[in-house]
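**Student:** can you look at this prediction? I've put the sequence above it.
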Amino acid sequence: MAEKKSTASVTPTLDTSGITGKTIIVEQDVMIPLRDGTKISCDIYRANDNEKRPVVIEKSPYEKKQFWPIHSQLCSPYVMAQKGYVAVIVEDRGRNMSEGTWHPFIDDAQDTYDAVEWAAVQPWSNGKVGLYGNCGYGYETYQGAAANPPHLKAIFAHTTSPNPYGSWTYHNGVYHLAFMSAWTAVQSMDTAIHDFGMSPEEMGAKYYPEFYRYYLSGRTRPPKPQDAWEAAPRDLPVADIPGLNDMPYWKEWHKHPGYDDYWKQANTIEKAKEGKIDVPVLQLIGWYDNSCQDNVEMFKALQENSDPSVRNKHRFVVGPWDHSAYYNNRASYSGERDFGFENETGTSLSIPMFFSWFNYWLKDEGDGFMPGENAIRYFHMGENVWKEAPSWPPAHQEVKYYLHSAGRANSSMGNGTLSEKAPSVEPLDTYVYDPLDPVLSVGGRSMLMATGVWDQAEIEKRNDVLVYTTPALAEKVAIAGSIKLELYASSNCPDTDFAVKLVDVEPDGYCANITEGIIRARYRNGCDHEVFLNPGEVTKFEISIDDVAHTFMPGHRIRLAIASSDFPNFDRNLNSKISPALGTEKDARKAVQQIFHEGKYPSNIVLPVTLSSKNIGV
């Protein structure tokens, strides 16, 4: 491992006269001692004086030098220092200048605890500490809160995950291939240099091709579905994808496809359910972010289980964005849909939230963010309005829409329909899923590919996609909350996947994906154990579909699309008992899938139709 050296330099950088009246200095590569003797590196941004101020910490696996001199994607540490805070940017153990070995998701809780407590007793600190961050930076805010350091007073978690198993790595046992391929490619650069001892030139020659192949960030232009299709890592086995398979964490994740003790230690939702998070939490996420569902679950766990002194203090904001909207200069977009400049994410949104939140909890100033009884602010798509509610979900009734067909729901040209009328006697629908010719991802909830809203019309022409659609609506149907699909199906294989999308078919024919879900059959009874299918036996699958708030307007149609793949967003099930991560093309089998919708097997989608709601101005 390359030696980590501390420069501990102090550099005056910014005259902020008229704001703090002080010069902002940056102390670089200051080493924080951890409980096991390892030291991790940080940069400190503060006013050049002897006053004690509240501290805000951002901790992550990324190099802190990106903040020198540019600003954070959430809020610049220079601005924080201007506003009377000490900003501390910390690198995880084993990353860049920090000592030790990086074990993503494993050491973060105790290391973040140690960083908070170290900062609290420094001469420039008044003992009040907040944690903040977005994406990989923000994950550790949840970890730190769950570790419960005494000096932590509040956190701000922005477009990040409280549960890396359910949000980032797996979803109902299905591997988030695009997300984790791209993220691993990003992390491989530091690993190659600092853990493998490679020079930057050697690293670039070996890993930069993988970096550009998988890291479709959209910084220069928005990625399109074709980009993901062309860059999709089709190599099998997935665990041995060239370039990525050198990374120990890539292999480790594939050793744990189920929800076991390895993942449980990193799931802060469960810790919230146990009442272990007793500081106020501010969450910001987008409906098309693949961490959105786990943020919803975290919010509900906090409201139900936090200490009574903070139970009503948590706040949650959900906008219409995909994950990359806040950093790719398309802040009002999700995929190819623009929700309008007045609904932008990014720093114009996060900076006022940041100071409103932390000024209240760390400085006793102002009235906090969203004072009053309403704890959640959410964007209701379709009507494209902001609404507020005291809890989630808002008042609703569950309405079942049943699947129907005359035996050929294949593609949007088929005869599949949806209605509130229960089926009686109907022929089943069938399709063949070939893992070597998967249904390709078009939008949805992921990262570093074409995510968000995209027209599904072309992909719905495939015969291995079943399509069920209502007639044009005479009145609007507004939904907000949890959605589930009760699917009665059989397969001729011992394992397979079912991927579903809820789609809004607009009068001009545009088919907008609203939300989606996927399940791996072996994990249908829980991701902590496998139960394989009995080939040919009808099985009931209860498929959770990510929460959303959306209105299907008059003249629109509600559509459900069912397939057995969503690639490269998710890895392909090879339809055999071997772990999909370890299988080769020789293990791939074609699966004959049968979908039932008749009296004994009434397949249906359950929609949370709202009873009433109140719009607000934001």
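**Tutor:** Happy to help now that I have it. All figures in this text were calculated on a predicted structure; none of them were measured in a lab.
**Student:** how about low-confidence regions in the stretch 251-400 of the chain?
**Tutor:** Screening the stretch 251-400 of the chain residue by residue with the criterion pLDDT under 70, one finds the ranges 328.
**Student:** so which residues of it form helices?
**Tutor:** 261-264, 268-273, 292-305, 347-363 (DSSP state H, counting those that start in this stretch).
**Student:** for the last one, buried residues please.
**Tutor:** Taking 16 or more other C-beta atoms under 10 Å as the basis for neighbour counts, the residues of helix 347-363 that come out buried are 347, 349-351, 353-363. Backbone N, C-alpha and C define where each C-beta goes, glycine included.
**Student:** likewise for the shortest one?
**Tutor:** Neighbour-count burial for helix 261-264, counted by 16+ other C-beta under 10 Å, picks out W263.
**Student:** what of stretch 555-572?
**Tutor:** Buried, per 16+ other C-beta under 10 Å, within stretch 555-572: 556-572.
**Student:** how far is that stretch from where the chain is centred?
**Tutor:** For stretch 555-572, the gap between its own C-alpha mean and the chain's C-alpha mean amounts to 18 Å (C-alpha atoms, centre = their mean, to the nearest Å).
**Student:** same check, this time on stretch 471-490
**Tutor:** Offset of stretch 471-490 from its chain centre (C-alpha atoms, centre = their mean): 23 Å.
**Student:** what's the answer for stretch 542-562, then?
**Tutor:** Chain-centre distance of stretch 542-562: 20 Å, with C-alpha atoms, centre = their mean.
**Student:** could I have it exported to CSV, CA atoms only?
**Tutor:** This file holds the C-alpha atoms of stretch 542-562, laid out as CSV (Å, rounded to 0.1, in the frame of the first residue of the first chain):
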residue,chain,number,x,y,z
GLU,A,542,-46.0,-10.1,-4.5
ILE,A,543,-43.9,-7.5,-6.3
SER,A,544,-43.3,-4.2,-4.6
ILE,A,545,-43.2,-1.2,-6.9
ASP,A,546,-41.4,1.9,-5.8
ASP,A,547,-43.6,4.6,-4.1
VAL,A,548,-44.5,7.5,-6.3
ALA,A,549,-46.9,10.5,-6.5
HIS,A,550,-48.4,10.9,-9.9
THR,A,551,-51.7,11.8,-11.5
PHE,A,552,-53.0,10.1,-14.7
MET,A,553,-54.8,12.9,-16.3
PRO,A,554,-58.1,12.7,-18.3
GLY,A,555,-57.5,11.3,-21.8
HIS,A,556,-54.4,9.4,-20.6
ARG,A,557,-54.2,5.6,-20.1
ILE,A,558,-52.7,3.6,-17.2
ARG,A,559,-50.4,0.8,-18.4
LEU,A,560,-48.6,-2.1,-16.8
ALA,A,561,-45.6,-3.7,-18.7
ILE,A,562,-44.2,-7.0,-17.6
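**Student:** picking up where we left off before, how about a markdown table for the helices of the stretch 251-400 of the chain, with distance to V55 added?
**Tutor:** Formatted as a markdown table, those follow (distance: least, C-beta to C-beta, whole Å):
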| stretch | distance to V55 |
| --- | --- |
| helix 261-264 | 30 |
| helix 268-273 | 21 |
| helix 292-305 | 23 |
| helix 347-363 | 8 |
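**Student:** so for D246, which of those helices sits nearest?
**Tutor:** helix 261-264 (20.5 Å; C-beta to C-beta).
**Student:** contact partners of the closest one?
**Tutor:** Residues outside helix 261-264 that contact it (C-beta atoms under 8 Å, 6 or more residues apart in numbering): 105, 164-165, 169, 252, 256, 270.
**Student:** most neighbours, which of those residues?
**Tutor:** The most crowded member of those, judged by other C-beta atoms under 10 Å, is P164 (26 neighbours).
**Student:** would you mind giving the domain segments of this protein?
**Tutor:** Under the assignment automatic domain parsing, the domains of the chain span 1-158, 168-180+268-611, 181-255.
**Student:** export the contacts of helix 261-264 to CSV and tack on distance to H176?
**Tutor:** Below are those laid out as CSV (distance: C-beta to C-beta, whole Å):
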residue, distance to H176
F105, 14
P164, 10
Y165, 10
T169, 6
E252, 15
H256, 14
E270, 20
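**Student:** ranking the domains of the chain by mean pLDDT, which is last?
**Tutor:** Sorting these by mean pLDDT places domain 181-255 lowest, at a mean of 80.
**Student:** what about the strands in the stretch 451-600 of the chain?
**Tutor:** With DSSP state E, counting those that start in this stretch, the ranges of strands along the stretch 451-600 of the chain come out as 466-469, 477-491, 497-505, 511-520, 539-552, 557-563, 591-598.
**Student:** next one: the stretch 51-200 of the chain
**Tutor:** Under DSSP E, counting those that start in this stretch, the stretch 51-200 of the chain gives strands at 53-60, 86-91, 125-134, 152-158, 170-171, 174-175.
**Student:** how about D114, nearest residue that isn't a chain neighbour?
**Tutor:** Spatial nearest neighbour of D114, excluding adjacent residues (C-beta to C-beta, 6 or more residues apart in numbering): L34 at 4.7 Å.
**Student:** and that neighbour, how many residues sit next to it?
**Tutor:** Counted with other C-beta under 10 Å, residues neighbouring L34 total 20.
**Student:** same check on T184?
**Tutor:** Neighbours of T184 under the rule other C-beta under 10 Å: 24.
**Student:** how near is it to T417?
**Tutor:** 42 Å (C-beta to C-beta, to the nearest Å).
**Student:** give me the number of residues near the closest residue to D190 other than its chain neighbours?
**Tutor:** Leaving aside its chain neighbours, D190 sits nearest to R95 (5.6 Å; criterion: C-beta to C-beta, 6+ apart). Using other C-beta under 10 Å, the number of residues around R95 comes to 26.
**Student:** that older thread, CSV for the strands of the stretch 51-200 of the chain, including mean neighbour count?
**Tutor:** CSV is the format used below for the strands of the stretch 51-200 of the chain (neighbours: other C-beta atoms under 10 Å):
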stretch, mean neighbour count
strand 53-60, 26
strand 86-91, 27
strand 125-134, 23
strand 152-158, 26
strand 170-171, 26
strand 174-175, 24
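**Student:** contacts only, for the residue nearest to K276 when sequence neighbours are not counted.
**Tutor:** Distances taken as C-beta to C-beta, 6+ apart put A146 closest to K276, at 5.5 Å, once the chain neighbours are dropped. Counting by C-beta under 8 Å, 6+ apart, A146 touches 109, 268, 271-272, 276-277.
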